[in-house]
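Trainee: Here's my sequence, what's the structure:
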Amino acid sequence: MRPTEERIIPDQMDPMNGMLLEHIARYHFAIHYCTGDVLDIAAGAGYGTQLIAKSCKEKVNSVTGVDLSQEAITYARGRYHHPLARYLQGNALDSTFMKSIGPFDTIISFETIEHVPDDRLFLDRLMSRLNPGGTLILSTPFGRGRGKPSNDPFHTHQLTQDEFRELFKDYPETEFYYQRGVLIEPPRDDMYHPIGIALYRKLIID
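Mentor: This next block holds a predicted model:
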């Protein structure tokens with residue numbers, strides 16, 4: 001598969017590459033929350049989908065990796081096969097596609113929302129496929145704000161920290177964590193973190 005600045009392909013990277021380690025750290029963070037049927041949106045090369053399947057095999061039923069790129073999906077099927085994992089080409093903004101792959105108990109979306117023009121719609125699509133009692137884990141880098149240019153040519157825009165938190169205003173159960181390198185921790189006033197992580201647990205309504 002052809003590498004790009006945004007595509008993490010472990011086999012083609014130095015194992016100590018900072019961006020690779022950051023991505024792996026987020027998947028290791030997610031391991032503790034994954035149960036049932038898991039969806040990994042923008043799975044890319046598939047290494048994270050397989051990592052979840054391997055690490056959580058005693059508590060997950062399936063792990064579905066979805067990506068817009070058919071090339072990435074083909075690569076993932078060949079390189080990161082696992083009995084609990086499947087890889088599908090599709091668009092999270094396509095409600096018909098999302099309904100066709102079923103509801104999920106855990107949804108992971110790492111470094112994806114900055115690529116879509118309508119981040120609110122993207123979040124709505126994910127929330128609509130999350131089962132009651134399920135968990136959503138979503139991360140994104142911070143930037144100048146919604147609708148403003150980003151220094152990264154692959155990003156539509158990058159939310160500010162306040163916009164990221166405001167995105168979840170209708171989901172007060174959300175917890176926020178922040179990442180710098182491989183460090184993921186709750187908010188701290190004495191340290192700037194370039195990446196935000198939202199952890200939302202959907203209530204079970206009787």
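
Trainee: where do the strands sit along this protein?
Mentor: Per DSSP state E, the chain has strands spanning 36-41, 60-67, 85-89, 104-110, 130-141, 175-180, 183-185, 195-201. These are given in chain order.

Trainee: of these, which approaches Gln161 most closely?
Mentor: With C-beta to C-beta, the closest approach to Gln161 among those belongs to strand 195-201: 6.3 Å. For glycine as for every other residue, the C-beta is placed from the backbone atoms N, C-alpha and C.

Trainee: So which elements touch that closest one?
Mentor: Counting by 3 or more C-beta pairs under 8 Å, 6 or more residues apart in numbering; DSSP states H and E, the packing neighbours recorded for strand 195-201 are helix 18-31, strand 130-141, helix 161-167, strand 175-180.

Trainee: which residues touch that strand?
Mentor: For strand 195-201, the surrounding residues in contact (C-beta atoms under 8 Å, 6 or more residues apart in numbering) are 22, 26, 29, 33, 133-142, 161, 164-165, 167-168, 171, 173-180, 184.

Trainee: Only the buried subset of those, as a PyMOL command please.
Mentor: Only the buried members of the contacts of strand 195-201 end up in this PyMOL selection, burial being decided by 16 or more other C-beta atoms under 10 Å:
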select buried, resi 22+26+29+33+134+135+136+137+138+139+140+141+142+161+164+167+168+174+177+178+179+184
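
Trainee: coming back round to it: a markdown table for the strands of the chain, including mean pLDDT and distance to Leu121?
Mentor: Compiled in a markdown table, the strands of the chain are given as follows (pLDDT from 0 to 100; distance: least, C-beta to C-beta, whole Å):
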| stretch | mean pLDDT | distance to Leu121 |
| --- | --- | --- |
| strand 36-41 | 98 | 13 |
| strand 60-67 | 98 | 16 |
| strand 85-89 | 98 | 20 |
| strand 104-110 | 98 | 13 |
| strand 130-141 | 97 | 14 |
| strand 175-180 | 96 | 21 |
| strand 183-185 | 95 | 27 |
| strand 195-201 | 97 | 16 |
